[in-house]
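Peer 1: Predicted model, plus sequence, below.
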Amino acid sequence: MRRLQINRVYRHFKGDYYLVEGVAKFSEDKSDLVIYRKLYEDGTLWARPLEMFLSEVDHEKYPNVEQKYRFELQKIDSVAKDFKG
């Protein structure tokens with residue numbers, strides 16, 4: 001199974017980006033919920049079951065989606081890495 005990485009950016013298969021802020025326990029059954037912030041508009045926090053967050057895209061429902069997983073970790077390089085200031 002894939003491993004969630006905290007404080008990293010993930011791309012949803014519909015195209016938007018989210019920052020994973022942590023994992024919380026659901027009070028009713030103690031299951032893990034991913035707490036993540038949308039990186040657009042108002043930046044609100046969202047919660048989703050860990051298993052769902054890490055699941056594959058339903059390609060029967062979304063046949064034109066190329067991304068394999070619902071949320072995929074993004075590799076973001078520094079744009080200032082070569083800046084000498």
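Peer 2: Yes, it's here.
Peer 1: mind listing what the residue nearest the centre of the chain touches?
Peer 2: Per C-alpha atoms, centre = their mean, the C-alpha nearest to the average position across the chain is that of Tyr10, at 3.7 Å. By C-beta atoms under 8 Å, 6 or more residues apart in numbering, the contact set of Tyr10 is 17-20, 36, 71-74. The way it works is simple: take the backbone N, C-alpha and C, and place the C-beta from them, glycine included.
Peer 1: switch the cut-off to 6 Å
Peer 2: With contact set as C-beta atoms under 6 Å, 6 or more residues apart in numbering, Tyr10 has these partners: 18, 71, 73.
Peer 1: In space, what's closest to it - neighbours in sequence excluded?
Peer 2: Closest residue in space to Tyr10, ignoring its immediate chain neighbours: Phe71 at 4.1 Å, by C-beta to C-beta, 6 or more residues apart in numbering.
Peer 1: Number of residues surrounding the one you found?
Peer 2: The local packing of Phe71 (other C-beta atoms under 10 Å) involves 24 other residues.
Peer 1: The one 10 residues further on too?
Peer 2: Applying the criterion other C-beta under 10 Å, we find 6 residues in the vicinity of Lys81.
Peer 1: quick one: Lys14 from Ser31, how far?
Peer 2: With distances taken as C-beta to C-beta, to the nearest Å, Lys14 is found 24 Å from Ser31.
Peer 1: With Val79 instead?
Peer 2: 38 Å.
Peer 1: Check Glu60 too.
Peer 2: 26 Å.
Peer 1: Neighbour count: the two, which is higher?
Peer 2: The neighbour comparison of Glu60 against Ser31 (other C-beta under 10 Å) goes to Ser31, with 12 against 6.
Peer 1: Disregarding residues adjacent in the polypeptide, which is nearest to the more buried one?
Peer 2: For Ser31, ignoring the flanking residues on the chain, the nearest one in space by C-beta to C-beta, 6+ apart is Pro49 at 6.2 Å.
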